[in-house]
Structures are given as C-alpha cells and as structure tokens.
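sharing a model prediction with you, sequence too.
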Amino acid sequence: MKLLFASATLTVAVADEPSERERGLMGVTHLGVDDGMVFVYPEAAPRYFWMKDTPLPLSIAFVGADGRIVAISDMVPLSTALTPSQKPAMYAIEANHGWFFAHGVRVGDSVTGLPPASRQ
C-alpha cells in the first residue's frame, strides 16, 4: 500500500490486527529507502510505542482520524522507552530514521491513502 505525503510516497505494510500491531517491525534489520509500516487502530486514542526487539532505527508519525499528523518522533533501536503520540491517533506510521524530516513532512500535514479503521 502507498501513503502519499505532500512531497513523498511511502510504501507500507499494514498492521491492522492486534497480533500484527504487537509484532510490528520487531526483528527487522533493513527497510527499503521509502518503505515502512502503518499501524491501524479502531479509534483515535493516545498511543505509545517502544522499540523492544527492533534493531532498526526508526521515525514514527502519529496520525489522527482526520488524516493529519499530530506528532513525529525519532525512536532508539532496542529501547523500552515509550514514545507517546501526544494527541489521540488512529494511525502510526514507521519509516527509516529521519525519513519524515528528509521529505519535509511536518506535524499538521495530511496523509492520503490511509486504510480504513481497524475492526479490532
């Protein structure tokens, strides 16, 4: 699936089942330059991510139900420190560390192509 930002496209795997969201990118050691994962939830709520068992340096964009980015953070590989969404988010998009910054993606920007809300 492709997600469209104002100046870039990210090809993502979709994690919309609880087990897929729990596993995420754990154990992944390489992503293509413009590849990532979108986590899809049934409703917007505060979200918290960590990097336990994820050796790949990642950045994360939290996205509200309206498709607008509410927060962007960089995450530390293998860390159990929580990265909060700051505001309610229905989606979380992980990409290679620095991808959002490198493509001029900012808080408040819209994301096009998001899948429908998860049923679980």
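All right, it came through fine. Residues are numbered from 1 along each chain as shown.

C-alpha only now, for contacts and for neighbours.
OK.

pLDDT-wise, which helix or strand of this protein ranks last?
Averaged element by element with mean pLDDT, DSSP states H and E, the chain has its least confident helix or strand at helix 18-23 (a mean of 95).

give me the buried positions along whichever helix or strand comes after it.
For helix 18-23, the following helix or strand on the C-terminal side (DSSP states H and E) is strand 35-45. Of the residues in strand 35-45, those buried under the neighbour-count criterion (16 or more other Cα atoms under 10 Å) are Asp35, Gly36, Met37, Val38, Phe39, Val40, Tyr41, Glu43, Ala44, Ala45.

the residue nearest to the spatial centre of the chain: helix or strand, and which one exactly?
Computing the C-alpha centroid of the chain and ranking residues by Cα atoms, centre = their mean puts Ile93 first, at 1.5 Å. Using DSSP H and E, the secondary-structure element containing Ile93 is strand 89-96.

could you list every helix and strand in contact with the helix or strand that comes right after that strand?
Using DSSP H and E, the helix or strand that directly follows strand 89-96 along the chain is helix 99-102. Contact partners of helix 99-102 among helices and strands, from 3 or more Cα pairs under 8 Å, 6 or more residues apart in numbering; DSSP states H and E: strand 58-63.
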